[in-house]
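Asks: Here is my input; please provide its structure:
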Amino acid sequence: MQAIGYVENRSETAHRQGKYPYASAFFRFMGRPVIGLDEIRMVDSSFDPKSRTRPNKERYLAAIDVMISTRGASCIHPLSSSVGHRLFPEIQNMEHQRAEKRAILKAHRRGNVAAKAEELKQRHYQSQQGQAEIELAFCTPSTIRTWYDTWARRDLHIHDLGELVCGWISRFPSLNHFDRYFLRYEPLWVVILEVNLHADEQTEFEAYLDRLMLPNRLPDLDKKRR
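Replies: Residues are numbered from 1 along each chain as shown. Sure thing, here's the model as predicted:
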């Protein structure tokens with residue numbers, strides 16, 4: 001806007017500035033060297049010169065001066081922000097861009113928080129799953145029911161528990177007769193029930209052989225995983 005450049009050039013050359021230099025220069029470049037109520041209404045269409053409750057002319061000139069000097073970024077009373085947007089449309093575009101950036105950053109932060117929460121949830125789940133696998137490794141067919149009753153009440157998916165049980169069953173020669181399709185497609189509680197029934201019918205020697213399949217210490221379990 002010419003009025004802004006004019007005032008800033010005069011300021012750089014140490015020219016004396018009158019009161020409300022930006023507002024005065026603006027109206028001068030509009031061909032209105034004398035500022036009256038009609039000139040104020042040119043800027044603010046909501047201005048009613050007949051209203052007894054309206055702010056006085058000086059307050060309007062002060063607000064117009066601030067608005068022009070800030071290129072529409074600051075619209076103080078009695079001017080509304082719509083006046084600045086109309087005279088400086090690029091300000092509104094900048095505000096929209098800033099609002100969009102803030103919205104994007106806010107959404108990004110929310111996404112980061114959600115991703116962090118999901119990561120912690122997955123870590124907790126994997127930790128629980130690992131603990132279930134360790135405890136299962138020390139179970140025999142006669143003690144598997146206790147393990148099942150404990151972990152079936154936890155937050156682990158029943159499918160994941162079933163996968164652990166399938167791997168566990170394959171360690172015991174006495175359970176080799178279990179059909180793999182039975183293990184995969186029957187409900188886990190049915191599989192556990194069948195293992196229990198088998199354990200109840202075992203001889204002492206068969207139970208002894210099952211106990212030999214248990215790891216003696218945790219490093220043995222690591223070797224079995226490999």
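Asks: chain center to the longest helix that the chain contains: distance?
Replies: Selection of the longest helix in the chain by residue count, based on DSSP state H, yields helix 89-137. Mean-position distance between helix 89-137 and its chain equals 4 Å (CA atoms, centre = their mean, to the nearest Å).
Asks: Same check on stretch 204-219?
Replies: Its chain's C-alpha centre and that of stretch 204-219 lie 49 Å apart, by CA atoms, centre = their mean.
Asks: In that stretch, which residues are buried?
Replies: 210, 213 (16 or more other CB atoms under 10 Å). C-beta coordinates here come from the backbone N, C-alpha and C atoms, glycine included.
Asks: how about the CA coordinates for stretch 126-133, as CSV?
Replies: Taking Å, rounded to 0.1, in the frame of the first residue of the first chain, the C-alpha atoms of stretch 126-133 are listed here in CSV:
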residue,chain,number,x,y,z
GLN,A,126,4.5,-58.7,24.1
SER,A,127,5.8,-58.7,27.6
GLN,A,128,2.7,-60.5,28.9
GLN,A,129,2.9,-63.0,26.0
GLY,A,130,6.6,-63.7,26.8
GLN,A,131,5.8,-64.3,30.4
ALA,A,132,3.0,-66.7,29.5
GLU,A,133,5.4,-68.6,27.2
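Asks: That stretch: which residues count as buried?
Replies: Buried residues in stretch 126-133 (16+ other CB under 10 Å): 129, 132, 133.
Asks: where's the second one relative to residue 158, distance?
Replies: Here residue 132 is placed at a distance of 12 Å from residue 158 (CB to CB, to the nearest Å).
Asks: Just want to check the distance between residue 94 and residue 203.
Replies: Computed with CB to CB, the distance linking residue 94 and residue 203 is 85 Å.
Asks: Compare those two and say which is more crowded by neighbours.
Replies: For residue 94 and residue 203, the more surrounded residue by other CB atoms under 10 Å is residue 94, and the numbers stand at 14 against 9.
Asks: what sits against the more buried one?
Replies: Shown in contact with residue 94 (CB atoms under 8 Å, 6 or more residues apart in numbering): no residues.
Asks: where do the helices sit along the chain?
Replies: With DSSP H as the criterion, the chain has helices spanning 2-12, 21-29, 37-43, 57-69, 81-87, 89-137, 144-151, 158-169, 180-185, 188-200, 204-212, 218-225.
Asks: Nearest to residue 75 among those helices would be which one?
Replies: Using CB to CB as the measure, helix 81-87 is the one of those that comes nearest residue 75, at 4.3 Å.
Asks: And that closest one, how far out from the chain middle?
Replies: Between the centre of helix 81-87 and the centre of its host chain there is 34 Å, according to CA atoms, centre = their mean.
Asks: what about this structure, any weak spots by pLDDT?
Replies: By pLDDT under 70, the low-scoring segments of the chain are 1-16, 92, 217-226.
Asks: which residue is nearest the middle of it?
Replies: For the chain, the residue sitting closest to the mean C-alpha position, by CA atoms, centre = their mean, is residue 110 at 1.6 Å.
Asks: For that residue, give its distance to residue 124.
Replies: Distance from residue 110 to residue 124, by CB to CB: 21 Å.
Asks: likewise residue 141?
Replies: When distance is defined by CB to CB, residue 141 is 30 Å away from residue 124.
Asks: Give me the more crowded residue out of those two.
Replies: When neighbours are counted by other CB under 10 Å, residue 141 and residue 124 differ, and residue 141 comes out ahead with 24 against 11.
Asks: Much appreciated, bye for now.
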